[in-house]
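here is my input; please provide its structure:
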Amino acid sequence: MSRPKVLIVGGGFAGLACANSLDAERFAVTLVDRKADFEFLPNIHELLSGVKKPSQLRLSLRAAMRAVGHRFIRGDVTGIDPEARCVQLGTDKQLCADYLVIALGSADADYGVSGVGKHSYGFKSVAQCQAIHERLQGLSRKGGKVVIIGGGLEGVEALGEVLRRYRHKPLQLTLVEARHSLLPAAPAAVGEHLADHCREWDVSCITGDPVARITAKTVTLNSGRRLRSDLTVWTGGPVPPALLGESGLAKRNRWAAVDPTLAHSSYEHVFIAGDAAELEQPISKQAYHALDMGRCIAANIERLSKGKAPRRFKPSGKPTLLAFGDVDSVLISDRVCLAGPPLAAAKEAVFAAVMPQLDLRPARHRLESALGRSKQATQQLLWPTISNWRELRRQTKVQKLT
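So this is what the prediction gives:
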């Protein structure tokens, strides 16, 4: 009997977790992505300071799929037919399956601001963050003005890494947030704590004044205020990929609605995972949720193939860990918010634990990658701390914010 075909669109956390959880002896799995590599996006901010190298945050999707007996196809998905469970690659290739998993992730919101694509650096990929790193290295030698737009998680972590590496260099740093506080989705005490750090390190922090226009050398705010900028970093937040609306999986500019089992509300054997999914009870668009969703969908495909009913997705409650370079780290949970440099170890531990779970290549390759990550962490994170007694004492302090 032929194996049921499973087509997974998107090789991020959700797509890779789903593929890794499906048995190649039972399912013919194909993973499609326009990129050659999986990228560990929660840690891309560390590229700005050189704490991480691009190779540490990437995993070849072809090698990963080969290791578990699946197929990888690199290509641009230009169309999706959810009724037929088919996707169009480019203009001349179509793939169809018995089960379709959409894990497209999100696009970068530009809010209609003129000049975002042309005059600012995005913050959504390893390549983009490495480009920022290289630009910062040049500016740090001759001096310049850096404007980071967006005071949410990405913008704050980007600023922290710039401070880690360049706080004693001739750079003028500005952080701009459209709303009236930093990290507006978190308790107010967290934003106030981060604003205190900005004042401590002479970072100009502008809130409540959205960006209206970006040019090669300026950032203009709604108030008319103009900021000179030699490097503009845009961290605008996530929006639904246009393909969701174009394919009928969602209303225009909306995420795709799913039932409690993560199946699409209108199409049979079509599942939505990760950022692209809109649950009845919204959850944060975090990597750990995407991992859990991918595994849940794989289990439900397994159950459906055996004639069993799929099970509900039960989101696990995990705290958010925010790194502010080597200055501070913040843990945000439903019950408490803590701040202190020691919490940086928790974020690094998550990276060290999750990356090997996704890498199912032969043991030799996994060991080489793990040793490389460990060596880099020791050189860039551990040794600078233990070699400085004053820094070591500071690294033991944790305070409660809420």
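
the longest helix seen in the chain: what's the following helix or strand?
Looking across the chain with DSSP state H, the single longest helix is helix 287-305. Remark: after helix 287-305, the chain's next helix or strand is strand 320-324, criterion DSSP states H and E.

kindly list the main-chain dihedrals of Ile8?
Backbone torsions for Ile8, taken as degrees, to the nearest 10, come to phi -110, psi 120.

still on that earlier bit, tilt between the longest helix of the chain and strand 320-324?
150 degrees (axes from the mean of the first three to the mean of the last three Cα atoms, to 10 degrees).

what's in contact with helix 287-305?
4, 6, 12-19, 21-23, 26-27, 41-42, 99, 101, 103, 261-263, 269, 271, 273-275, 277, 283, 309-311, 313, 315-316, 318, 354 (Cβ atoms under 8 Å, 6 or more residues apart in numbering). The C-beta positions use only the backbone N, C-alpha and C, and glycine is treated the same way.

wait, Pro238 sits on Ala109?
Yes: if you go by Cβ atoms under 8 Å, Pro238 and Ala109 touch, sitting 6.6 Å apart.

circling back to that earlier point, centre of the chain to the longest helix of the chain, how far?
19 Å (Cα atoms, centre = their mean, to the nearest Å).

what are the buried residues along it?
Within helix 287-305, the residues that qualify as buried are 287-302, 304, counting by 16 or more other Cβ atoms under 10 Å.

so how far is Lys93 from Ala103?
Here Ala103 is placed at a distance of 20 Å from Lys93 (Cβ to Cβ, to the nearest Å).

make that His168, sorry
His168 is 53 Å from Lys93, by Cβ to Cβ.

neighbour count winner among the two?
A side-by-side neighbour count of His168 and Lys93, using other Cβ atoms under 10 Å, places Lys93 first with 11 against 8.

contacting residues around Tyr121?
Gln128, Ala131, Ile132, Arg135, Leu231, Thr232, Val233, Trp234.

what's the pLDDT at the closest residue to Val29 other than its chain neighbours?
Nearest residue to Val29, sequence neighbours excluded (Cβ to Cβ, 6 or more residues apart in numbering): His70, at 4.1 Å. On pLDDT, His70 comes in at 98.

contact partners for His70?
Ala19, Leu22, Ala24, Val29, Thr30, Leu31 are the contacts of His70 under Cβ under 8 Å, 6+ apart.

my read: the first one touches Val29, true?
Yes: in this structure, Ala19 is within contact of Val29 by Cβ under 8 Å, at 5.6 Å.

quick one: the helix or strand where Val190 lies to strand 320-324, angle?
Using DSSP H and E, Val190 sits in helix 188-200. Comparing the axes of helix 188-200 and strand 320-324 via the same axes, to 10 degrees yields an angle of 10 degrees.

give me the residues contacting helix 188-200.
Residues contacting helix 188-200 (Cβ under 8 Å, 6+ apart): 151, 156, 159, 175, 181-184, 203-205, 324, 327-328, 330, 332, 337, 339, 401-402.

do stretch 207-219 as well
By Cβ under 8 Å, 6+ apart, stretch 207-219 touches 111, 113-116, 118-120, 147, 149, 151, 176-182, 220-223, 225-230, 232, 234.

chain center to that stretch, what's the gap?
24 Å.

cool, and stretch 57-68?
Here stretch 57-68 is found 18 Å from its chain centre; the criterion is Cα atoms, centre = their mean.

low-confidence stretches in the protein?
Applying pLDDT under 70 to the chain flags residues 1, 366, 369-396.

where do the strands sit along the stretch 151-300 of the chain?
171-177, 204-207, 211-214, 218-221, 226-228, 231-234, 238-239, 256-257, 270-272, 277-278 (DSSP state E, counting those that start in this stretch).

any idea which of the ones you listed gets closest to Gly245?
strand 256-257 (9.2 Å; Cβ to Cβ).

now do the closest one: distance to the chain's middle.
Using Cα atoms, centre = their mean, the offset of strand 256-257 from its chain centre is 20 Å.

again, but for stretch 185-193
21 Å.

mind checking how far Ser223 is from Gly191?
20 Å.

again with Met65
42 Å.

need the residues touching each of Ala19 and Val29.
Ile8, Met65, His70.

including distance to Pro54, could those residues go into JSON lines?
Shown next, in JSON lines, are these (distance: Cβ to Cβ, whole Å):
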{"residue": "Ile8", "distance to Pro54": "24"}
{"residue": "Met65", "distance to Pro54": "21"}
{"residue": "His70", "distance to Pro54": "25"}
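
I'd like to know which of the residues you listed is nearest to Ala257.
For the shared contacts of Ala19 and Val29, the nearest to Ala257 is Ile8 (19.6 Å; Cβ to Cβ).

who has more neighbours, Ser223 and Gly191?
Set side by side, Ser223 and Gly191 show more neighbours around Gly191, with 23 against 11, by other Cβ under 10 Å.

with mean neighbour count and distance to Ala250 as extra columns, can I get the strands of the stretch 151-300 of the chain in a markdown table?
Below are these laid out as a markdown table (neighbours: other Cβ atoms under 10 Å; distance: least, Cβ to Cβ, whole Å):
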| stretch | mean neighbour count | distance to Ala250 |
| --- | --- | --- |
| strand 171-177 | 21 | 28 |
| strand 204-207 | 18 | 32 |
| strand 211-214 | 21 | 27 |
| strand 218-221 | 19 | 32 |
| strand 226-228 | 15 | 36 |
| strand 231-234 | 24 | 24 |
| strand 238-239 | 16 | 12 |
| strand 256-257 | 22 | 4 |
| strand 270-272 | 28 | 9 |
| strand 277-278 | 22 | 8 |
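
now stretch 176-188: buried residues?
Val176, Glu177, Ala178, Ser181, Leu182, Leu183, Ala186.

again with stretch 262-277
Counting neighbours by 16+ other Cβ under 10 Å, the buried set in stretch 262-277 is 262-264, 267, 269-277.

same deal with stretch 17-25?
So for stretch 17-25, counting by 16+ other Cβ under 10 Å, buried means Ala17, Cys18, Ala19, Asn20, Ser21, Leu22.
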